[in-house]
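**Q** I'd like to go over a predicted model; first the sequence, then the structure.
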Amino acid sequence: MNVRGRPLVVLVDGVRLNSSRTDSRQLDSIDPFNIDHIEVISGATSLYGGGSTGGLINIVTKKASRKP
């Protein structure tokens with residue numbers, strides 16, 4: 001996945017979803033009703049390397065409730 005021609009890192013709950021060998025089709029497996037919020041970070045190269053020059057998207061899912 002790219003933004004303005006630059007590679008973008010996609011995380012789900014802090015775990016990298018895509019790599020240089022895969023595309024972002026894995027996003028289809030995320031249930032939109034299970035998303036709590038989405039974090040968008042620009043300039044994430046120092047944390048995630050050159051593969052994130054376009055920025056970073058972290059999809060944070062809802063936590064399971066402890067109610068039976």
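**A** Happy to help now that I have it. Predicted, not measured: the structure shown is a model, and the values here were computed from it. Numbering: from 1, shown residues only.
**Q** The helix or strand where E39 lies pairs with which strands?
**A** Using DSSP states H and E, E39 maps to strand 35-41. The strands beside strand 35-41 in its sheet (DSSP bridges) come out as strand 56-61 (antiparallel).
**Q** In contact with the residue nearest to K62 when sequence neighbours are not counted, which residues?
**A** Nearest in space to K62, with sequence neighbours left out and distances taken as Cβ to Cβ, 6 or more residues apart in numbering, is D36 at 4.6 Å. C-beta: built from backbone N, CA, C; applies to glycine. By Cβ atoms under 8 Å, 6 or more residues apart in numbering, D36 lies in contact with 60-63.
**Q** can you list those in TSV and add neighbour count, distance to L11 and pLDDT?
**A** Formatted as TSV, these follow (neighbours: other Cβ atoms under 10 Å; distance: Cβ to Cβ, whole Å; pLDDT from 0 to 100):
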residue	neighbour count	distance to L11	pLDDT
V60	14	9	94
T61	13	11	93
K62	11	16	92
K63	8	16	85
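**Q** could I get these as JSON lines with distance to S42?
**A** Output for the contacts of D36, formatted as JSON lines (distance: Cβ to Cβ, whole Å):
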{"residue": "V60", "distance to S42": "18"}
{"residue": "T61", "distance to S42": "22"}
{"residue": "K62", "distance to S42": "25"}
{"residue": "K63", "distance to S42": "27"}
